[in-house]
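S.K.: the following block contains a protein sequence and its predicted model.
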Amino acid sequence: MRPPGWKPRLIALDVDGTTIHQHSPPSARVVAAVRAAAEEAVVMICTGRTVIGVGGILDELRLTTGTTVCSNGAVVLDTATRSVAAIRTFDPAKAFMALRETFPGAHLGSEHVGVGQRVTEPFPDGILAGVVTVVPEEDLLARPTPKIIAYWPGHSPAETAERATLLDVPDATLTVDHELAWVTLVPAGVSKASALADVAAELGIEQEDVLAAGDGDNDRAMLRWAGHGVAMGQAPAEVRADADEVTATVVEDGLAVVLERYF
């Protein structure tokens, strides 16, 4: 419970399922709430999207300064210049082997920072941002990467999440999607939480003065770390359990409901 009169000094926002619903732009109410918050606090995006995929939401929310966390914390963007400020990479060989064994027939991809994705097979249209290039798997194995993705066609998100518990990749951090049969791996120790903690430290902002909002598995560590974690109303039960508060759903402008309380 926050003390009376508390206001967050740093606000970290997930994108998909938090600031926007599916492919729609943020609602006018959400934009207004974010802009009001940005007058008094630092507002930043923390997303699983790549630097290519995050530009649109930065424009729509008119965020032009500070830091943007991409690729579940593995890539950090200078929001003002849209240039990459930091990248954490890992060798994909062990992860690819484990994914092949656990998810037979999965389509695998490796982030090509600032360009798009290199993939073993085509992914569904519109699901990946930037240039998508189909390459031999050995080409992917030869390049360190900040993020690996796996799409398991013909399977449900629940089945994928259950099978993901069998994955053993010590040098990676694993998250799953609750809407797609999708798995993401980034370097071990990397998460939205770790990147957010670095930003807070650089700004001299205490953990207790950070508010984070999200709806997915990749948000759970961030919601637990923040002084006040907010789960969206449509988030899975395990995500809501990690939060200090559950707001309304994204289609009900749940993010705006929270921000309007403080700003």
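M.R.: Received, thanks.
S.K.: for the chain, which helix or strand comes out least confident on mean pLDDT?
M.R.: Ranking every helix and strand in the chain by mean pLDDT, DSSP states H and E puts helix 137-141 at the bottom, with a mean of 88.
S.K.: domain parsing for this protein?
M.R.: Residue ranges for the structural domains of the chain, counted by automatic domain parsing, are given in the record as 10-87+190-262, 93-187.
S.K.: thought Thr18 was touching Gly214?
M.R.: Yes. Using C-beta atoms under 8 Å, Thr18 is in contact with Gly214, at 5.5 Å. C-betas here are computed from N, CA, C, even on glycine.
S.K.: mind listing the shared neighbours of those two?
M.R.: Met232 (C-beta atoms under 8 Å, 6 or more residues apart in numbering).
S.K.: so between those two, which is more surrounded?
M.R.: The neighbour count for Thr18 versus Gly214, taken as other C-beta atoms under 10 Å, is higher for Gly214 (33 against 28).
S.K.: if I look at that one, what pLDDT would I see?
M.R.: Gly214 carries a pLDDT score of 98 in this model.
S.K.: which non-adjacent residue is nearest Asp253?
M.R.: With C-beta to C-beta, 6 or more residues apart in numbering as the measure, Arg29 is the residue that lies nearest to Asp253, at 4.8 Å, once sequence neighbours are left out.
S.K.: an error on my part: the question was meant for Val183.
M.R.: Ala150 (4.4 Å).
S.K.: residues near that neighbour, how many?
M.R.: Summarising burial for Ala150: neighbours were counted as other C-beta under 10 Å, giving 25.
S.K.: cool, and Ala93?
M.R.: Neighbour number of Ala93 under other C-beta under 10 Å is 13.
S.K.: contact partners for it?
M.R.: Leu141.
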